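*Asks:* predicted model follows, preceded by the sequence.
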Amino acid sequence: MRLDVRILDERLRGQMPHYATAGSAGLDLRACLDAPLTLAPGDAQLIPTGMAIHLGHPGYAAMILPRSGLGTKHGIVLGNLVGLIDSDYQGPLMVSCWNRGKAAFTIEPMERVAQMVVVPVVQVEMNVVEGFEASERGAGGFGSTGSR
Ligand SMILES: O=c1ccn([C@H]2C[C@H](O)[C@@H](COP(=O)(O)OP(=O)(O)OP(=O)(O)O)O2)c(=O)[nH]1
Ligand SMILES: [Mg+2]
């Protein structure tokens, strides 16, 4: 599908988020920083991606997720764990970068810091009931099926 995007940082032109391979799910988002940003262990900073998107239909959302390399090798994940972008949001797309590691990490301007996945959404209407039709699981959870 086509996604309306506004470029807010001219440096993005020519390096717009794109699918790195034919089968990629995520579009890498760049840190539109003016200077390198060092995150001390435990620090989080909201970083602009240099663009705004408008999904424009309640049947879609976008999720911002960590990149696995940065997350596992350097502890750079997201301050909100997952970013959820509403279909009617038109403001600057931001990434909260959190250094959950033990060493400082420097994010360079225009480095790819996270990835965005567009997903389908079902909006529901709450239907209040007194009880549920029986299911195989019922209220079992939190390991109820065993751990091995
Ligand atoms: O990582 C993120 C998370 C959110 N947003 C933007 C898009 C999203 O549609 C909006 C609101 O996000 P959310 O609903 O998660 O935050 P909130 O704290 O509930 O704010 P609001 O009261 O504005 O909904 O902020 C981002 O740019 N990056
Ligand atoms: Mg909200």
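*Replies:* On my side now, so go ahead. Numbering: from 1, shown residues only. Ligands and ions are numbered 1, 2, ... in the order given.

*Asks:* and the most centrally placed residue in the chain, how far from ligand 1?
*Replies:* Of all residues in the chain, the one closest to the mean position by CA atoms, centre = their mean is Ile64, 0.7 Å from it. Applying CB to the nearest ligand atom, to the nearest Å, the value for Ile64 to ligand 1 is 5 Å. Bear in mind the C-beta positions are built from the backbone N, C-alpha and C, glycine included.

*Asks:* does stretch 16-30 reach ligand 1?
*Replies:* No - counting by CB under 6 Å from any ligand atom, ligand 1 is not contacted by stretch 16-30; separation bottoms out at 9.6 Å.

*Asks:* can I get that stretch in PDB? Just the C-alpha atoms.
*Replies:* The C-alpha atoms that make up stretch 16-30 are tabulated as PDB, following Å, rounded to 0.1, in the frame of the first residue of the first chain:
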ATOM      1  CA  MET A  16      14.200   7.200   2.900                       C
ATOM      2  CA  PRO A  17      13.200   4.200   5.000                       C
ATOM      3  CA  HIS A  18      12.800   1.200   2.700                       C
ATOM      4  CA  TYR A  19      12.600  -2.500   2.900                       C
ATOM      5  CA  ALA A  20      16.200  -3.800   2.800                       C
ATOM      6  CA  THR A  21      15.200  -7.100   1.200                       C
ATOM      7  CA  ALA A  22      12.100  -8.300  -0.700                       C
ATOM      8  CA  GLY A  23      10.900 -10.100   2.300                       C
ATOM      9  CA  SER A  24      11.600  -7.500   5.000                       C
ATOM     10  CA  ALA A  25       8.900  -6.600   7.400                       C
ATOM     11  CA  GLY A  26      10.400  -3.500   8.900                       C
ATOM     12  CA  LEU A  27      11.500  -0.200   7.500                       C
ATOM     13  CA  ASP A  28      14.600   1.100   9.300                       C
ATOM     14  CA  LEU A  29      14.300   4.600  10.900                       C
ATOM     15  CA  ARG A  30      17.200   7.000  11.100                       C
END
